[in-house]
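K.L.:
Give me a 3D structure for the following:
(chains A and B)
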Amino acid sequence: MISLPERSAISRLSLAQLSNTLPRVAEPGLRRTPLYEQHAELGARLVPFAGWEMPVQYEGIREEHAAVRTHAGMFDVSHMGEVEVEGPGALAFLQRALSNDVAKVEVGGAQYSCLCNEDGGVLDDLFLYRLGGDRYLIVTNSANHEADLAWLGRWSRQLGDVAVRDVADRYAMLAVQGPHARDTVTRTLGIELPPRMRVATARIGNRPALICGTGYTGEDGVELLIDPEIAPAIWAELLDAGVVPCGLGGRDTLRLEVCFHLHGNDLTPERNPIEAGLGWCCAEETGFIGADAVARARREGTAETLVPFTIEGAGIPRQGNPVLAGGEEAGSVTSGTFSPSLEVGIGMAYVRTDLAEPGTAVEIDVRGKRRPARIASKPLYRKG
Amino acid sequence: MTLAEPTYPDDLLYHDQHDWARLDGDDHAVFGITWYAQDSLGEVVFYDPPEVGATISKDSSYAEVESVKAVSDVIAPMSGEIVEVNDALEDTPEKINGDPYGEGWLVRVKLSHPSEADQLLGAAEYRKLLENS
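P.N.:
From the prediction side, this is the model:
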């Protein structure tokens, strides 16, 4: 066993996890975060992910998932990229580059946005933080970091008066999430935390750091951007304070339960923000790159729409599984997993827009077996 | 709950795709997955068994086990007909992790070619295979 069924398409993470059953020889060219030794010491299962050797789990995905829902967990997300944008032309440039209305972001504010191509296709989804009057920080998805940099660099040179700098090596990133995350971070590190959707500068370990009131789990918490040199010490302090180390496996189940998009799965350059349900972060009046296409999609509607769904009964949907309506193919699963909170198979899929209404019954073809499912509303998991 | 330490009982026969068979009389056997297989997979959350009466062939997939993040075929160590499946795993698939050679058994099979047992590995040979992989 431990061989993939040939017809199936499985999320990148599961392929990676399976590859962990192969001989444990370090793959050449994989990057390691400043916390690699800590992960190895804790016995983490390390897998290749977007060119990095990352922990997928420590004790187990279900336990780690539960820790974040009920207490506090921490994720090493140092593989994510950071890009600094600075200069008198920063705002004008970002209005062009990002889908949201960047003018609404005050100093110390945060905003979610899409990075679109001219056709309105989503190149990446990212958070923007305003650090100063004309100084911003963008956090990119690791798999897209280099391409984002090239894209942003090209447009910045065209518009002028703005510098785009790769500052990914300057930061380790630690996401501390869960109902007790804020309390524990405040107590352990002795710092004040910004409210939700805000960013603050602080000194952690006597080094400058950024604290962001954001996350990817649906729980309250913070994301810490810290000096890589002090990351092991901060990790150890939080561990001593009872924060549970969590891997990318739990990060994926947590985000899918609250229907946060994963670029590469639910968002691609072939899909626009409207069909992905991200019209709320697109301000076409700013004239961002791709705004015309996005405006057209909003006006005319889209053939398909991204929807969350729940399996009714047995079966776990996986990326690539066909969605069936009346026995006919009517869509495709982009993310699928077992939900540790709901204890059923859940997922997101692009389906024909006439099927997108919550409550609609469909079937998911899971490697040849038709599993009844129902289109749901977001989020799939609500704090009870 | 999982078994923390690798265990490979001496009374079982092993297939190199990480499955075991426990012979029962001349022409029956019980199949399951090994400690290594369940450890590689992680917490099992779903077991999709074959139908009773289905014919299965040595070296071919007869079932699937899934963890949160991964799905895996289960390979038949021998050929035959399914006479019983472990229904208890429908509600408690985690028994495949906690007790892979006991309550985590997967199917009981009437063997069509009992002599296939000769092609399987003993516990020592299987352990050696794992060490060399």
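K.L.:
tally of neighbours for residue A:70?
P.N.:
13 (other Cβ atoms under 10 Å in any protein chain shown). Any C-beta I mention is one placed from the backbone N, CA and C, and that applies to glycine too.
K.L.:
and if you look at the one 10 residues further on?
P.N.:
As a burial measure, residue A:80 scores 23 neighbours (other Cβ under 10 Å).
K.L.:
Let me know whether it touches residue A:144 as I believe.
P.N.:
No: Residue A:80 is beyond contact range of residue A:144, at 10.0 Å (criterion: Cβ atoms under 8 Å).
K.L.:
Chain B: strands as residue ranges?
P.N.:
For chain B, strands defined by DSSP state E occupy the ranges B:13-15, B:19-24, B:28-33, B:44-48, B:55-56, B:61-67, B:71-75, B:80-85, B:107-111.
K.L.:
which residue is nearest the middle of chain A?
P.N.:
In chain A, the residue lying closest to the centroid (Cα atoms, centre = their mean) is residue A:262, at 5.1 Å.
K.L.:
same deal with chain B?
P.N.:
By Cα atoms, centre = their mean, the most central residue of chain B is residue B:32, 1.9 Å off.
K.L.:
can you tell me how far it sits from chain A?
P.N.:
10 Å (Cβ to the nearest Cβ, to the nearest Å).
K.L.:
need the contact list for that residue.
P.N.:
Neighbouring residues of residue B:32 by Cβ atoms under 8 Å, 6 or more residues apart in numbering or on different chains: B:19, B:20, B:22, B:96, B:100, B:101, B:104, B:105, B:106.
K.L.:
got the contact list for the third one?
P.N.:
Under the criterion of Cβ under 8 Å, 6+ apart, the contact list for residue B:22 reads B:11, B:12, B:13, B:29, B:30, B:31, B:32, B:101, B:105.
K.L.:
By neighbours, which of these wins?
P.N.:
Busiest of those [other Cβ under 10 Å] is residue B:31, holding 27 neighbours.
K.L.:
surely that one meets residue B:19?
P.N.:
Yes: counting by Cβ under 8 Å, residue B:31 touches residue B:19, with 6.2 Å between them.
K.L.:
Overlap of the contact sets of the two?
P.N.:
B:74, B:76, B:77.
K.L.:
Neighbours of the last one, how many?
P.N.:
Spelled out, that is residue B:77. Using other Cβ under 10 Å: residue B:77 sits among 28 other residues.
K.L.:
same question, the second one
P.N.:
Around residue B:76 sit 26 other residues, with neighbours defined as other Cβ under 10 Å.
K.L.:
how close does whichever residue of the stretch 151-300 of chain A sits closest to chain B sit to residue A:264?
P.N.:
Residue of the stretch 151-300 of chain A nearest chain B, by Cβ to the nearest Cβ: residue A:249 (5.1 Å). Noted for residue A:249: a distance of 16 Å to residue A:264, by Cβ to Cβ, to the nearest Å.
K.L.:
Now do the same contact list for the closest residue to chain B within the stretch 51-200 of chain A.
P.N.:
Distance from chain B to each residue of the stretch 51-200 of chain A (Cβ to the nearest Cβ) is smallest for residue A:61, at 4.5 Å. Contacts for residue A:61 (Cβ under 8 Å, 6+ apart) come out as A:247, A:249, A:250, A:253, A:340, B:42, B:43, B:67, B:68, B:69.
K.L.:
Make JSON lines out of the residues you listed and add pLDDT.
P.N.:
Listed next are the contacts of residue A:61 as JSON lines, based on pLDDT from 0 to 100:
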{"residue": "A:247", "pLDDT": "97"}
{"residue": "A:249", "pLDDT": "96"}
{"residue": "A:250", "pLDDT": "97"}
{"residue": "A:253", "pLDDT": "98"}
{"residue": "A:340", "pLDDT": "97"}
{"residue": "B:42", "pLDDT": "91"}
{"residue": "B:43", "pLDDT": "92"}
{"residue": "B:67", "pLDDT": "94"}
{"residue": "B:68", "pLDDT": "91"}
{"residue": "B:69", "pLDDT": "84"}
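K.L.:
Buried among those? Make that a ChimeraX selection.
P.N.:
Selection command for ChimeraX covering only the buried members of the contacts of residue A:61, criterion 16 or more other Cβ atoms under 10 Å in any protein chain shown:
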select /A:247,249,250,253,340 /B:42,43,67,68,69
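K.L.:
Dump the contacts of residue A:61 to TSV, plus distance to residue A:99.
P.N.:
Formatted as TSV, the contacts of residue A:61 follow (distance: Cβ to Cβ, whole Å):
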residue	distance to residue A:99
A:247	31
A:249	30
A:250	29
A:253	27
A:340	32
B:42	37
B:43	38
B:67	36
B:68	32
B:69	31
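K.L.:
Out of the contacts of residue A:61, which sit inside helices?
P.N.:
If you go by DSSP state H, those have A:249, A:250, A:253 in helices.
K.L.:
What residues of stretch B:37-56 count as buried?
P.N.:
Buried residues in stretch B:37-56, counted by 16+ other Cβ under 10 Å: B:37-50, B:56.
K.L.:
still on that earlier bit, ok, of the shared contacts of residue B:31 and residue B:19, which one's closest to chain A?
P.N.:
For chain A, the nearest member of these is residue B:74. The distance, counting by Cβ to the nearest Cβ, is 5.0 Å.
K.L.:
Residue A:320 versus the residue nearest to the centre of chain B, what's the distance?
P.N.:
Distance from residue B:32 to residue A:320, by Cβ to Cβ: 29 Å.
K.L.:
Check residue A:265 too.
P.N.:
From residue A:265 to residue A:320 the distance is 10 Å (Cβ to Cβ).
K.L.:
Have a look at the two and say which one is more surrounded.
P.N.:
Taking other Cβ under 10 Å, residue A:265 and residue A:320 do not tie; residue A:265 has more neighbours (20 against 17).
K.L.:
now the chain, which segments are flagged as low pLDDT?
P.N.:
All of this refers to chain A. Applying pLDDT under 70 to chain A flags residues A:1-27.
K.L.:
other chain: chain B
P.N.:
B:1-4.
K.L.:
Around chain A, pick out the residues from it.
P.N.:
Proximity of chain B to chain A, by Cβ under 8 Å from any Cβ of the partner chain, involves residues B:2, B:17-19, B:33, B:37, B:40-43, B:45-46, B:48, B:61, B:64-75, B:90, B:133.
K.L.:
give me that answer again for 6 Å
P.N.:
Residues of chain B found near chain A (Cβ under 6 Å from any Cβ of the partner chain) are B:17-18, B:33, B:37, B:40, B:43, B:45-46, B:66, B:68-70, B:72-75, B:133.
K.L.:
For the helix of greatest length in chain B, buried residues please.
P.N.:
In terms of residue count, the longest helix belonging to chain B (DSSP H) is helix B:123-132. Buried residues in helix B:123-132, defined by neighbour count with 16+ other Cβ under 10 Å: B:123, B:126.
K.L.:
Many thanks, have a good one.
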